[in-house]
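[1] Prediction below, plus the sequence it came from.
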Amino acid sequence: MAARKIIKKKEKGFTKGKVKKNKAQSKGFAHWCAITAIKLSLIFIASIGLYSIYLDGKVRQTFEGQRWQVPAQVFGRVPTLFNDQKVNFDFLEAELKQLNYKRVSVVNAPGEYTRKSTRLIVYRREFDFDSGLEPASLITIEKKSGEVFRLIQDKQQVHQVKLEPILIDRILSAEGEDRVVIPLEQIPEQVIDTLLLIEDKDFYHHHGVSPSGILRAFWKNILAGETVQGGSTLTQQLAKNMYLTRHKTLWRKVNEAIMSIILEIRYSKDQILEAYLNEVYLGQHYANGIHGVGLASQFYFGKPLKQLNNSEVALLVAQIKGPSFYDPWRKPKRATERRDLVLRVMFENHTIDTAQYKKALATPLNIRPDRRFAKQTYPGYMQLVRRELKSMGANSAMQSGIRIFTGFDLHRQTHAEQALIEQLAALEKFQANDKLEAAVLVSDIRTGEIQAVVGGKEVKYSGFNRALDAKRPIGSLIKPVVYLTALEQFERYNLASPLKDEPISLKSSKGKLWQPKNYDGKFRGQVPLLDGLVKSLNVPTVNLGLKVGVDKVALTLAELGFKGKVPKVPSMLLGAINMSALEVNQWYNTIANGGLYNKSFAIIKVVSSQGDVLWSKANVVDARLSLQGAYLIDFALAKVAQEGTAKSLAWRFPEQILAGKTGTSNDSRDSWFVGYDRESVVTTWIGRDDNLPTGLTGSSGALTVFANYLKKQGSNSRFDLVPDGVEFATFELATGNAVIGDCANVADFPAISDGIFYSDQCLEQRKDPPSWLEKLFGTDSE
């Protein structure tokens, strides 16, 4: 028994020791776990801290830098009206319609206009022309006899008014994101209030993540039987849209929460809200995403955000939940139901009253009829714009929201396209030839601004641009340069100077014989200088060019504005030199502008998104010709249009004074015409891409395109103002001398006064007309 007790005591003691030991071990393990947990927590907190610092840098870099790739906007000319200026209400109304202005009986709001026979009233929307946002303005234009009679702006009579320019195109980023950035203060309160009601009612009270908001949204959605509120805060949505992918993973939600908190710490609520309103995805226009409420308003309704009514605001906010699911073009019933749900929330929260609610519910979806975004397609012109932007080094700023103002004229562009299409079709039908191609380029004489570019008969095709890149022999277009070079030497030449028109043979340095001939194959012996140009005679032109010097002709061409290399050979005198329509138009513009050179440009100025002018075209007066020489060549080119190779213009437009020159290259491969009135120079070309003959001369081909264009556009007759230093004199055509005697075979021409040397000697005296007796019985002769 004693042994058993001893054993039991030992076992009991052993058990107590074991328990104590186990307790000690447990306590040590718990301590270790606690320490390890603390360490892991510290590591986790440190990791989260370090990761948050990384995310903070990422958030700040984007939010404080260039947040978005904002497309560059390319605008046409700013329609500017002055007193006594010619005005066409049809043209103005067409531009207003392109801008989605609404014609009404009484104008009450921006974006509306009304028209009467002599009055056009436009409520111009607010617009930043480059000196800050100009508020909406009520403009009245009164006309009398086709000219501006009175201009009234906001009840004040003014001398000048500006209208909103056409948006030609938007140059998008490689990612295809499109948006219009609008400051928060310019976004209507109704849009903001409705957005917050639907997406984040506690936006101004949470700190980026709102558990209560998630619960409330969950409960409201259950009560409504569908999703009427989202659980994510606007800040979370912004973080997701701006920084994260759309893949729904736990890690993305963690990133979203951390970034949301960082955004809330770093930036004000208004900054976050403004960013959200300009970032939110609201639809898809083919390959391009529609981002931000500003562009979405234009996309869905074709008007600015400030002009949306309650129904439209509700539909716009409704798109946030699912632009594809609630697409109003494809799913109008579904979109209407969602819009009505948003309207109900607006009504229940007293942002609209009962009458407004009922009216909005009864309003059909007021979306644009065509899903295609309301932007114009002028690929030929836009190719020129892009090249100029590249040449001025603006590529780096292309996605920073710059605005590009150009000389683009909607009506000239439209009429040039129509004239080319119609006339080319008629010529192809007449010749049974469908291989013809063409190009048209129009510029403003006074400024040199390019107003229209058509690069081929597929006017909407952005391919090879024949107006810019097709360099073809210009033929007789060169002849005015030859004659101008001579007329500037006023002591030697005038419009009556006799030129030889006899067979001529010239040998090249390689021994090759060149024998130029006139187009009709005839020789006239001698012709006045003016006739050589007006009738576009080759042989007199070559003789004149050789006398004044090929080098001097090349120099004159360079002075007029041609930048290319000029082959200094006799064949150049007849147009054996390749140029594009753009290059031709440049130096003809100098001739039409009285010898004043303006470098041709599509772009007038480039303005930053903040309104700063980054680049503007310098207006420099650069006289390349004397006023007197410019007048004489202009006089001669007007004669070409009246009685020369372009005389068909005289019977097409009998009351207009026009000027121009035809051009035809060898074997009629290229048909050219350059014509101008008081305002614009128009260069037209017809040819074939394979360089085969067209069977067309300048007058039978390209000139008809110009005439068709002018018929549509209208023209402004050139002034016939004789400058100081020029006077009309009587010249004997046989000698080219200014005469004061009673000479036969004479004509009156303008000439530079210092070059007129009168003679009382005649080669042939004018005979008195026979009396009636002489006519009856004849005259005696010995």
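    Thanks, I have it.
[2] can you list the domain ranges for the chain.
    78-166, 170-362, 477-576, 724-782 (automatic domain parsing).
[3] Quick check: which of these is nearest to residue 605?
    domain 78-166 (6.6 Å; C-beta to C-beta). Using the backbone N, CA and C atoms, a C-beta is placed for each residue, glycine as well.
[4] mean confidence for the closest one?
    Averaged over domain 78-166, pLDDT sits at 92.
[5] How about stretch 752-763?
    Here the average pLDDT along stretch 752-763 is 90.
[6] Low-confidence stretches in the stretch 351-500 of the chain?
    Residues of the stretch 351-500 of the chain meeting the criterion pLDDT under 70: 373-376, 395-399.
[7] ok, back up a step: turn the domains of the chain into TSV, including mean neighbour count.
    Formatted as TSV, these follow (neighbours: other C-beta atoms under 10 Å):
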stretch	mean neighbour count
domain 78-166	15
domain 170-362	18
domain 477-576	19
domain 724-782	14
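[8] Which one of those domains lies nearest to residue 614?
    Going by C-beta to C-beta, the one of those nearest residue 614 is domain 78-166, 10.1 Å.
[9] Pairing partners for whichever strand or helix holds residue 405, with directions?
    Secondary structure from DSSP states H and E places residue 405 in strand 403-406. Partner strands for strand 403-406, per DSSP bridges, with pairing direction: strand 72-75 (parallel), strand 603-607 (antiparallel).
[10] Highest mean neighbour count across those strands, which stretch is it?
    With neighbours taken as mean count of other C-beta atoms under 10 Å, the strands paired with strand 403-406 reach their highest mean count in strand 72-75, at a mean of 22.
[11] Show me what the next helix or strand after that one is packed up against.
    Using DSSP H and E, the helix or strand that follows strand 72-75 in sequence is strand 80-82. On a contact count with 3 or more C-beta pairs under 8 Å, 6 or more residues apart in numbering; DSSP states H and E, strand 80-82 meets strand 147-153, strand 160-162.
[12] Could I get these in JSON lines, plus columns for distance to residue 621?
    Converted to JSON lines, those look like this (distance: least, C-beta to C-beta, whole Å):
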{"stretch": "strand 147-153", "distance to residue 621": "26"}
{"stretch": "strand 160-162", "distance to residue 621": "22"}
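[13] so which of the strands paired with strand 403-406 gets nearest residue 351?
    Closest among those, using C-beta to C-beta: strand 72-75, at 32.1 Å.
[14] Columns mean pLDDT and distance to residue 729 on top of the strands paired with strand 403-406, output as a markdown table?
    Below are the strands paired with strand 403-406 laid out as a markdown table (pLDDT from 0 to 100; distance: least, C-beta to C-beta, whole Å):
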| stretch | mean pLDDT | distance to residue 729 |
| --- | --- | --- |
| strand 72-75 | 90 | 50 |
| strand 603-607 | 92 | 43 |
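[15] a markdown table for those, including distance to residue 351?
    Converted to a markdown table, the strands paired with strand 403-406 look like this (distance: least, C-beta to C-beta, whole Å):
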| stretch | distance to residue 351 |
| --- | --- |
| strand 72-75 | 32 |
| strand 603-607 | 36 |
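[16] Residue 703 is nearest to which of the helices and strands packed on strand 80-82?
    Using C-beta to C-beta, the nearest of these to residue 703 is strand 147-153, at 29.9 Å.
[17] counting contacts, what elements does the next helix-or-strand element following that closest one pack onto?
    Sequence order places strand 156-158 as the next helix or strand after strand 147-153, per DSSP H and E. When contacts are defined as 3+ C-beta pairs under 8 Å, 6+ apart, strand 156-158 packs onto strand 147-153.
[18] starting at the chain centroid, how far to the strand it packs on?
    Here strand 147-153 is found 28 Å from its chain centre; the criterion is C-alpha atoms, centre = their mean, to the nearest Å.
[19] Output the contacting helices and strands for that strand.
    strand 80-82, strand 137-144, strand 156-158, strand 160-162.
[20] if we compare the ones you listed, which one ends up closest to residue 547?
    Residue 547 sits nearest to strand 80-82 of all the helices and strands packed on strand 147-153, at 46.9 Å, using C-beta to C-beta.
[21] what's next to the closest one, contact-wise?
    87, 141, 148, 151, 159, 160, 161, 162, 163 (C-beta atoms under 8 Å, 6 or more residues apart in numbering).
[22] now the residues you listed in CSV, with distance to residue 658?
    Shown next, in CSV, are those (distance: C-beta to C-beta, whole Å):
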residue, distance to residue 658
87, 22
141, 28
148, 24
151, 30
159, 30
160, 29
161, 30
162, 30
163, 29
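[23] how far away is the residue lying closest to residue 118 once chain neighbours are set aside from residue 99?
    Once flanking residues are discounted, residue 118 sits nearest to residue 143: 5.5 Å by C-beta to C-beta, 6 or more residues apart in numbering. Separation of residue 143 from residue 99 (C-beta to C-beta, to the nearest Å): 21 Å.
[24] try residue 547
    57 Å.
[25] again, but for residue 160
    Counting by C-beta to C-beta, the gap from residue 160 to residue 99 is 20 Å.
[26] same thing with residue 71?
    Separation of residue 71 from residue 99 (C-beta to C-beta) stands at 18 Å.
[27] circling back: need the helices and strands packed on strand 147-153 in TSV (columns: distance to residue 591).
    Putting those into TSV (distance: least, C-beta to C-beta, whole Å) gives the following:
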stretch	distance to residue 591
strand 80-82	26
strand 137-144	32
strand 156-158	36
strand 160-162	30
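[28] of all the helices and strands packed on strand 80-82, which lies closest to residue 686?
    strand 147-153 (35.9 Å).
[29] Dump that closest one to PDB, keeping only the CA atoms.
    The C-alpha atoms that make up strand 147-153 are tabulated as PDB, following Å, rounded to 0.1, in the frame of the first residue of the first chain:
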ATOM      1  CA  GLU A 147     -24.600  94.600 -97.600                       C
ATOM      2  CA  VAL A 148     -24.500  94.900 -93.900                       C
ATOM      3  CA  PHE A 149     -26.500  98.000 -92.900                       C
ATOM      4  CA  ARG A 150     -26.600  97.800 -89.100                       C
ATOM      5  CA  LEU A 151     -25.100  95.500 -86.500                       C
ATOM      6  CA  ILE A 152     -26.500  95.300 -83.000                       C
ATOM      7  CA  GLN A 153     -25.000  93.300 -80.100                       C
END
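[30] So what touches it?
    81-87, 118, 137-143, 157-161.
[31] Show me the strands in the stretch 51-200 of the chain, by range?
    Taking DSSP state E, counting those that start in this stretch as the test, the strands found in the stretch 51-200 of the chain are 72-75, 80-82, 102-103, 112-115, 119-124, 127-128, 133-134, 137-144, 147-153, 156-158, 160-162, 167-171, 177-179.
[32] Repeat that for the stretch 501-650 of the chain.
    506-507, 513-514, 525-528, 578-579, 596-597, 603-607, 613-616, 622-623.
[33] Partner strands of the third one and their direction?
    By that I understand strand 525-528. Going by DSSP bridges, the partners of strand 525-528 are strand 498-501 (antiparallel).
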